[in-house]
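*Asks:* Sequence first, predicted coordinates after that:
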Amino acid sequence: MKRRRWMELAGHAAIASLLPACAAGGGKRVSLSAAQRLGGRTYGIWKGDFYIGGRDLEERYASLSITKAFAALAVTHAIGEGWLELDKPLVDVIPEWGAHPAKRLITLRMLLNQTAGFPSGVAQLYRGRIADKGQVAISLPLVDPPGSIFRYGPASSEIIGELLRRRLRQRGSSTEQLFREVMSRVGISSPDWRKDAGGRYYLSTGAEFSVRDLGQLGRVVSSLARGENIVGLKSSVFRDMTSPQPANPMFSAGFWWNRNAARVGAYSVLPERNIAEPRPPSFWRGASFAPDSDPDWLAMVGSGGKRVYVLPSQDLVIVRFDRNEAGNDGEFLRAISA
């Protein structure tokens, strides 16, 4: 038996005896039996730096839209260093927008929140081999006034990619170098990444992380959300960047949040089933993925049931790659914390 696997099993046994201390929201225990039953193809659970349980941690899968959350950490790093700004119009970096009065208003915050006014861009950016995804993305027409409607898709993420490319070129670097640096800081890796024909990383999808990598990513996000600076990333930047926004308070900067669970009348929403067509802000005001669970939960979401759940107040991280769809997030969280 490999030494790392032996240590995990030994640690698993030791932590299992301490499960009352490894509590989820409301002081409830983590149910390993429920996690084993409902964890899908593979899962992992961490309480702080302690590994509680899981299976197939080294298995590496396409992380799909969880890539957006990692890209947000790269943006956090850039803002912390002072060479990107959240609320400054981007026309000075993307002069092609100068002749368009509405595009002149677009900010990085709008792009991060998928409210810049662009169509989803799925057909234009995912079908076939794209020569230069950044040029395609910035050329898309607006379909909403900037800042007004949450419209999910790759367009805004790939415009962020073009923004990073142009800024980093001025600094003698590249988006790919930045991503490798941030992955090194965080302590994760993605040996393969989806690229366009010019070799540029996709930011909307494309990373291939292991379950262990995603557990580490979740622990970094947990620290940032609690107000702790970590690995060269500023919590103040992260918390500002992920603050709720009117068009969809459930989503910000690549992360899905359960904060609406604190509202009277909150209801359950499965993200994958509610992003194909735009919903009005009124729909998202009461939306949460687990309305009867702790409002502190947040999630990194990939289609097909890929999840990284984070409960910052308890420093709890749960990675789950389901077989098909995620089913009901609320039912899963209730089951493992019963």
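*Replies:* Okay, I see it. Numbering: from 1, shown residues only.
*Asks:* need the contact list for residue 184.
*Replies:* By C-beta atoms under 8 Å, 6 or more residues apart in numbering, the contact set of residue 184 is empty. C-betas here are computed from N, CA, C, even on glycine.
*Asks:* same question, residue 122
*Replies:* 153, 154.
*Asks:* repeat for residue 253
*Replies:* Contacts of residue 253 (C-beta under 8 Å, 6+ apart): 69, 72, 75, 112, 113, 241, 242.
*Asks:* same thing with residue 243?
*Replies:* With C-beta under 8 Å, 6+ apart, residue 243 has these contacts: residue 252.
*Asks:* got a pLDDT number for it?
*Replies:* Residue 243 is assigned a pLDDT of 97 by the prediction.
*Asks:* Would you format the contacts of residue 253 as JSON lines with secondary structure and distance to residue 54 included?
*Replies:* JSON lines is the format used below for the contacts of residue 253 (DSSP: H, G, I helix; E, B strand; the rest coil; distance: C-beta to C-beta, whole Å):
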{"residue": "69", "secondary structure": "helix", "distance to residue 54": "20"}
{"residue": "72", "secondary structure": "helix", "distance to residue 54": "25"}
{"residue": "75", "secondary structure": "helix", "distance to residue 54": "29"}
{"residue": "112", "secondary structure": "helix", "distance to residue 54": "30"}
{"residue": "113", "secondary structure": "coil", "distance to residue 54": "32"}
{"residue": "241", "secondary structure": "helix", "distance to residue 54": "29"}
{"residue": "242", "secondary structure": "coil", "distance to residue 54": "26"}
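*Asks:* Closest to residue 164 out of those residues?
*Replies:* Residue 164 lies nearest to residue 75 out of the contacts of residue 253, by C-beta to C-beta, at 7.7 Å.
*Asks:* That closest one - how many residues pack around it?
*Replies:* 25 (other C-beta atoms under 10 Å).
*Asks:* Find me the pLDDT at it, would you?
*Replies:* The model's pLDDT for residue 75 equals 98.
*Asks:* if we can go back for a sec, list buried residues within the contacts of residue 253.
*Replies:* 69, 72, 75, 112, 113, 241, 242 (16 or more other C-beta atoms under 10 Å).
*Asks:* No further queries at this time; thank you.
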